[in-house]
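Participant: Quick one: sequence and predicted model below, then my questions.
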Number of protein chains: 2
Amino acid sequence: MGKEERVLLGHGGGGRLTGKLIDDLIVPKLDRGRLRSLPDSVVVSGLGDKVAYTTDSFTVSPVFFPGGNIGDLAIHGTCNDLACSAARPVYLSAGLILEEGFPMDQLGTILESMGKAADKAGVEIVTGDTKVVPKGSADKIFINTSGIGKVESNPVPSLERIEAGDQILVSGPVGNHGMAVMLSRAEFSFDFELQSDSASVWPLVKRLLELGDGLKFIRDPTRGGLAATLNEIAKRSGKGISVSESAIPVDRQVLAAAEMLGIDPLQAANEGKIVVVVGRGLGGKVLELWAGSELAKGAAVIGEITSADTSRVVMITRIGGSRILAEPSGELLPRIC
Amino acid sequence: MGKEERVLLGHGGGGRLTGKLIDDLIVPKLDRGRLRSLPDSVVVSGLGDKVAYTTDSFTVSPVFFPGGNIGDLAIHGTCNDLACSAARPVYLSAGLILEEGFPMDQLGTILESMGKAADKAGVEIVTGDTKVVPKGSADKIFINTSGIGKVESNPVPSLERIEAGDQILVSGPVGNHGMAVMLSRAEFSFDFELQSDSASVWPLVKRLLELGDGLKFIRDPTRGGLAATLNEIAKRSGKGISVSESAIPVDRQVLAAAEMLGIDPLQAANEGKIVVVVGRGLGGKVLELWAGSELAKGAAVIGEITSADTSRVVMITRIGGSRILAEPSGELLPRIC
């Protein structure tokens, strides 16, 4: 990267530019063997049990949005990154960066939400840190959470285990979190409410442990949405993916909001959904295992891994054509989580 | 805390106000049993080995300062928090929050420093996250690191183990990091250079393991400096502390800079020092164990735990009087680490 090059908003968007920053700068400087694979969380050895470890910083704006706030989002996000390694979230850390002048009652509300979300997720916040920066040096509040989980599946889900014929599912309608945050930023109001899907998905993953080695891969489609996650799976596995547009669940309100805001709902962030890859023919079994769970309402088999070694995601459109589902560049949606 | 109350800079200074924020708001909302003791790192069970876990966010300004930058500081700070639980740093996470427009070459330099500092400390960065916020929503770069360490002492050093008669040591001259950062912010220049002491202190702690249960407590005197650390020990143990002003090592340049800037060097942050409490008469043994280590150059026995249950730190002054060494309020030194 050249001398004059600067960090762009898109470098944080979770799409192509983020991938470039990670591959060109972060991994070369920091990787010593385990950072390269860039999963949501890393499984480490040498600590007795098989342990998953992850970190995430939250800079969402606005801090309060329909369906949650930066506090519970920070708990769910990190729990979900652990769940993607089939790890039960056990311990969390919380690092707060506060802007001077941030109202103390809002901080109290956020902390309260964090505590409640952690309780509900069955995880304990055991260590923390608080920094305050002068007014104007940060925007209100940023929260980093890291997390430690106990891996409960053997083998651990990973991209290497994906094969042609595997089925791809999503645990429910996509785009709700991103669209709810974007709507709450809009200067005009709507005649419907859209809520973030922010939630801990561990209960869904736990039910999948029964699949044994039929459970291939889990990912939470946050920044860059479903489009980014499917492209990441294709790119990093080197496999092709085929998904059906009509099979991808999207709420009516999300579609309406997406239309108005000019945002592709497949590129909008989720915080309570997972994309799961399972062995051939196991998609129906997943839907059975999830049956009755509020968290998996609207879950669907959306496609499969193909035998084409193209690293591409092909979407069969509603009218029966096919198009490449591109990796989002990420410029459009800063501070979505 | 009232409706109108707002976050003040001093809430992040590591002194009295920070303690108040933690005790009045953070612990009541988030603590479920393990957060209350507020050590530098927490020792958790249920993961096989006895594991220490910690987090720290770094917001230092300027980002580059004599003796280091925010990158190696973020590695050292978290390694040191683990070392304070007598835990060998093993795994780190790194969460970056970048301001749009931050020069990519500076980011590269910072990441390079992180990688090198981690290598030197024998720790591996295994998971990370990068967010970018719009220009003006953060100041350049903030880094959160969390860390996992393997506890290598039995029993684990803790405040509960402190007794009257225990000796207190510091591993070298204090105030260098804080004063180096403050000097680099000053608008005038000096005819001497002052370097941050930023370093991983695990090698020093490792040598102390030989003390067995004679090793009572370890703390790295970061924000609020030695004064904050001694007061925290006194307050949380309920014991009295007596220290000798003339025994506390302070570099000549630090004293000079402190005088010019009007900052008490005992309140200035350190990032490569530890305060250690050991059993009665073991102070000399510690100095022996540290002999020849560059990290412990200037180490000294500075005082002892007294039988007075006062929670106070009394300092015997150079002229033979005594005064209370007060807890810093913390307002003066924002963004020091």
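Facilitator: Perfect, thanks for sending it. Residues are numbered from 1 along each chain as shown, chains lettered A, B, ... in the order given.

Participant: when you scan stretch A:84-93, is anything in it near chain B?
Facilitator: Yes. Looking at stretch A:84-93 against chain B by C-beta under 8 Å from any C-beta of the partner chain, the contacts come from A:90-91, A:93. Glycine gets a C-beta too; all of them are placed from N, C-alpha and C.

Participant: Contact partners for the residue of the stretch 101-250 of chain A found nearest chain B?
Facilitator: Residue nearest to chain B within the stretch 101-250 of chain A (C-beta to the nearest C-beta): A:V132, separated by 2.8 Å. Residues near A:V132 by C-beta atoms under 8 Å, 6 or more residues apart in numbering or on different chains: A:97-100, B:7-13, B:334.

Participant: how about the residues you listed in CSV, adding pLDDT, distance to A:V181 and neighbour count?
Facilitator: Shown next, in CSV, are the contacts of A:V132 (pLDDT from 0 to 100; distance: C-beta to C-beta, whole Å; neighbours: other C-beta atoms under 10 Å in any protein chain shown):
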residue, pLDDT, distance to A:V181, neighbour count
A:I97, 97, 20, 27
A:L98, 96, 21, 24
A:E99, 96, 19, 20
A:E100, 95, 25, 19
B:V7, 92, 23, 25
B:L8, 90, 29, 19
B:L9, 86, 29, 20
B:G10, 85, 32, 22
B:H11, 88, 27, 28
B:G12, 83, 27, 30
B:G13, 80, 32, 26
B:P334, 79, 30, 22
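
Participant: Include secondary structure and distance to B:A52 when you put those residues into TSV, please.
Facilitator: Putting the contacts of A:V132 into TSV (DSSP: H, G, I helix; E, B strand; the rest coil; distance: C-beta to C-beta, whole Å) gives the following:
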residue	secondary structure	distance to B:A52
A:I97	strand	23
A:L98	strand	26
A:E99	strand	30
A:E100	coil	31
B:V7	coil	29
B:L8	coil	31
B:L9	helix	30
B:G10	helix	29
B:H11	helix	26
B:G12	helix	24
B:G13	coil	25
B:P334	coil	28
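
Participant: which one of those sits closest to A:L226?
Facilitator: Nearest to A:L226 among the contacts of A:V132 is A:I97, at 29.9 Å by C-beta to C-beta.

Participant: List the beta-bridge partners for A:F65.
Facilitator: Beta-bridge partners recorded for A:F65 (DSSP bridges): A:G68.

Participant: For it, grab the count of nearby residues.
Facilitator: 23 (other C-beta atoms under 10 Å in any protein chain shown).

Participant: that older thread, quick one, which of the residues of stretch A:84-93 next to chain B are buried?
Facilitator: A:90-91, A:93 (16 or more other C-beta atoms under 10 Å in any protein chain shown).

Participant: just these now: which is nearest chain B?
Facilitator: Using C-beta to the nearest C-beta, those come closest to chain B at A:S93, 3.5 Å.

Participant: Am I right that that closest one is in a strand?
Facilitator: Yes. The assignment for A:S93 is a strand, going by DSSP: H, G, I helix; E, B strand; the rest coil.

Participant: and it, what pLDDT?
Facilitator: Per-residue pLDDT puts A:S93 at 95.

Participant: Which residues are in contact with the residue lying closest to A:K297 once chain neighbours are set aside?
Facilitator: Spatial nearest neighbour of A:K297, chain neighbours left out: A:G172 (5.7 Å); criterion: C-beta to C-beta, 6 or more residues apart in numbering or on different chains. By C-beta under 8 Å, 6+ apart, the contact set of A:G172 is A:197, A:249, A:272-273, A:295-299.

Participant: Having no further points to raise, I will conclude here.
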